[in-house]
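[1] The sequence and its predicted three-dimensional model are supplied below.
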Amino acid sequence: MTAVLEAQNLTKNFPVRGRFALRRSTVHAVQDVSIGLAAGTVTAVVGESGSGKSTLARMLAQLIRPTGGDVLLNGNPVSRANRAYRREVQLVLQDPFSSLNPVHTIRYHLARPLRIHGFPADTAAISELLDRVALSPAERFIDKYPHELSGGQRQRVAIARALAVRPEVLIADEPVSMLDVSIRLGILNLLADLRDNDGLAILYVTHDIASARYLADTIVVMYAGQLVESGPAPQVTDSPAHPYTQLLLRAAPDPERTEPVTELAGRGAPPSLIRPPSGCRFHPRCPSAMDICRTTTPEPLPIDDAHTASCWLYQ
Ligand code: SF4
C-alpha cells in the first residue's frame, strides 16, 4: 500500500540545561523511526509516557522539526509546513477542553478554518461538518460555547474542525485518554468511520494497547524513543514478539480479569532519555535479557509477513 504520509528515519534530540543550568544535556526523544500511513487505514503508535510517540506525532504534524530523517507527503519530502501541508495533515489533541477557545461558539470554531482555506463557511457547511461527527441535529450545537458541551462532544467538535479543511491525514494524539470510559468507544468508532467511509489515513497515538487493538490496522510499539515492534494489529496483539509488547498486553485492561497486573510497573520505570541504556534500551526491565542485549542494539528482525521486532531473541 502506498503511504500518504511517511516518516523516514526520524530522529529528535532536545537540548536541555542540567541542574543549576551548569551543563547542557541532550534528550534523545526519538531515534531513527520509520513508519508509513496509507489511505483508509489506522496506524496506532503505542507506548508508555516518555516513549517518544507524541514527539513522533508532532514531527509528522510539522509542529517540531526533526533533528534527522525526512517527512514525505505523497512521496515528496517536506522541509517545513506550508499552507498546503497544514491543510492535508490535521492534528487532534488529547485535551478537548484546551483545544477550543471558550469565548467562541462552535459556529466560529468551524467557520474559521473553512474561511481560511477558501471553502464556504455558511450554516449549511457547518451543519454538514457537525453531522459528520454525529453531532445532530446541528442546530442543537452550532451556537453553543465549548463549556456547554460534554468532553466527548467537544472532542467531536475538535475532529470536525480538523475535517473542515478536507485533509488526507488525521493525527490523533491520545484523543480519548481524557474522556470517560463510557464515551471513549464513540470517538474510536467515529475515527473508524472516517477511515472506512472517507478514506483518511489516521495516526492514532495511545498508551492503551487495548484501544489500539480495537481500532488499528497496524500497530507500532515504541519504547524509550525507539520502534521495537510493528505489524498488522492482529499479529502484534495475538502473537506479540517483543518482551515489552508482551508486558504491555498483560498490563492492558481485561474485563475478564479481576486482579490488576502490575508486572510492567514492578520492573521499574522507563529509562532516562538523557543517558539511555546501552544496547537494547529495554534490557534493564526485560525478563529475557541476555549479555548481548546490554551492549548491542538489535535491528528490526522479521517475525512473519510485515511483522518485525527489534529483539535478540529472534536472531
Ligand atoms: Fe529483552 Fe534482549 Fe530482546 Fe531487549 S533484545 S527485549 S533485552 S531479549
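    Cool, the structure landed.

[2] And the strands in the stretch 201-315 of the chain?
    Under the criterion DSSP state E, counting those that start in this stretch, the stretch 201-315 of the chain contains strands at 201-206, 218-223, 226-232, 301-304, 307-309.

[3] The shortest one pairs with which strands, and in what direction?
    Pointing back at strand 307-309 there. strand 226-232 (antiparallel), strand 301-304 (antiparallel) (DSSP bridges).

[4] In JSON lines, list the ones you listed along with mean pLDDT and mean neighbour count.
    Quick note: C-beta positions are derived from backbone N, CA and C, even for glycine. Compiled in JSON lines, those are given as follows (pLDDT from 0 to 100; neighbours: other Cβ atoms under 10 Å):
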{"stretch": "strand 226-232", "mean pLDDT": "97", "mean neighbour count": "24"}
{"stretch": "strand 301-304", "mean pLDDT": "94", "mean neighbour count": "14"}
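
[5] residues near residue 221, how many?
    28 (other Cβ atoms under 10 Å).

[6] What pLDDT does the model give it?
    The pLDDT attached to residue 221 in the predicted structure is 98.

[7] quick revisit: of all the strands of the stretch 201-315 of the chain, which lies closest to residue 252?
    Closest to residue 252 of those, according to Cβ to Cβ: strand 201-206, at 10.9 Å.

[8] Need the residues that contact stretch 125-140.
    106-107, 110-111, 114, 119, 141-142, 153, 156-157, 159-161, 163-164, 186, 190 (Cβ atoms under 8 Å, 6 or more residues apart in numbering).

[9] and these, which are buried?
    Among the contacts of stretch 125-140, those classed as buried by 16 or more other Cβ atoms under 10 Å are 106-107, 110-111, 114, 141-142, 153, 156-157, 159-161, 163-164, 190.

[10] from the residues you listed, which are also near the ligand?
    Among those, no residue lies close to the ligand (Cβ under 6 Å from any ligand atom).

[11] Using PDB, list the CA coordinates for stretch 89-108.
    Extracted in PDB, the C-alpha atoms of stretch 89-108 (Å, rounded to 0.1, in the frame of the first residue of the first chain):
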ATOM      1  CA  VAL A  89      -2.300  16.900   7.700                       C
ATOM      2  CA  GLN A  90      -4.500  17.800  10.600                       C
ATOM      3  CA  LEU A  91      -3.800  17.200  14.300                       C
ATOM      4  CA  VAL A  92      -6.400  16.400  17.000                       C
ATOM      5  CA  LEU A  93      -5.000  16.800  20.500                       C
ATOM      6  CA  GLN A  94      -5.600  15.000  23.700                       C
ATOM      7  CA  ASP A  95      -7.400  17.700  25.600                       C
ATOM      8  CA  PRO A  96     -10.700  18.900  24.100                       C
ATOM      9  CA  PHE A  97     -11.000  21.400  26.900                       C
ATOM     10  CA  SER A  98      -8.000  23.500  25.900                       C
ATOM     11  CA  SER A  99      -8.100  23.000  22.200                       C
ATOM     12  CA  LEU A 100     -11.300  25.100  21.800                       C
ATOM     13  CA  ASN A 101     -11.200  28.800  22.800                       C
ATOM     14  CA  PRO A 102     -14.000  29.100  25.400                       C
ATOM     15  CA  VAL A 103     -15.000  32.600  24.300                       C
ATOM     16  CA  HIS A 104     -16.100  31.500  20.800                       C
ATOM     17  CA  THR A 105     -19.100  29.400  19.700                       C
ATOM     18  CA  ILE A 106     -18.900  26.100  17.800                       C
ATOM     19  CA  ARG A 107     -20.000  28.100  14.700                       C
ATOM     20  CA  TYR A 108     -16.900  30.300  15.000                       C
END
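
[12] one step back: can I get the strands of the stretch 201-315 of the chain in a markdown table including distance to the ligand?
    Shown next, in a markdown table, are these (distance: least, Cβ to the nearest ligand atom, whole Å):
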| stretch | distance to the ligand |
| --- | --- |
| strand 201-206 | 21 |
| strand 218-223 | 9 |
| strand 226-232 | 7 |
| strand 301-304 | 10 |
| strand 307-309 | 8 |
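
[13] Tabulate those strands (a markdown table), appending distance to residue 24.
    A markdown table is the format used below for the strands of the stretch 201-315 of the chain (distance: least, Cβ to Cβ, whole Å):
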| stretch | distance to residue 24 |
| --- | --- |
| strand 201-206 | 29 |
| strand 218-223 | 25 |
| strand 226-232 | 23 |
| strand 301-304 | 36 |
| strand 307-309 | 35 |
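
[14] tell me, what residue is most central in this protein?
    In the chain, the centroid-proximal residue (Cα atoms, centre = their mean) is residue 205; its distance is 1.9 Å.
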